[in-house]
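Undergrad: this is the structure alone, sequence omitted:
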């Protein structure tokens, strides 16, 4: 269906151009969404590591007191 929409000569040029614009924006959105998920995963792992280090430090500190 999309292929026909982009190539159909019966549709006005502006309609085909707008359809292509929507397709490009959707591609960019999907790409950025994936990048944001990857970044969120990295940040979550870093936060978990920092929390584990804090917990370990607190445990060692408790043994000293």
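TA: Noted; the coordinates are in hand. None of the values given here were measured: they were computed from a predicted structure.
Undergrad: which strands and helices sit next to the helix or strand where residue 37 lies?
TA: In this structure, residue 37 is located in helix 13-64 according to DSSP states H and E. Under the contact criterion of 3 or more Cβ pairs under 8 Å, 6 or more residues apart in numbering; DSSP states H and E, helix 13-64 touches helix 2-7. (Glycine included, C-beta is placed from N, CA and C.)
Undergrad: still on that earlier bit, mean confidence score for the helix holding residue 37?
TA: With pLDDT averaged residue by residue, helix 13-64 scores 92.
Undergrad: distance between it and the chain's centre?
TA: How far helix 13-64 lies from its chain's middle: 6 Å, per Cα atoms, centre = their mean, to the nearest Å.
Undergrad: now stretch 11-23
TA: That offset, for stretch 11-23, works out to 26 Å (Cα atoms, centre = their mean).
Undergrad: burial count for residue 25?
TA: Neighbouring residues of residue 25 were enumerated by other Cβ atoms under 10 Å; the total is 10.
Undergrad: taking the centroid of this protein, which residue is nearest it?
TA: The central residue of the chain, meaning the one whose C-alpha is nearest the mean C-alpha position (Cα atoms, centre = their mean), is residue 33 at 2.4 Å.
Undergrad: measure that one to residue 24 for me?
TA: 15 Å (Cβ to Cβ, to the nearest Å).
Undergrad: ok, residue 47 next?
TA: For residue 47 relative to residue 24 (Cβ to Cβ), the value is 34 Å.
Undergrad: then residue 32?
TA: Going from residue 32 to residue 24 by Cβ to Cβ gives 13 Å.
Undergrad: could you do residue 53 as well?
TA: 44 Å.
Undergrad: what's the answer for residue 17, then?
TA: Distance, residue 17 to residue 24, by Cβ to Cβ: 11 Å.
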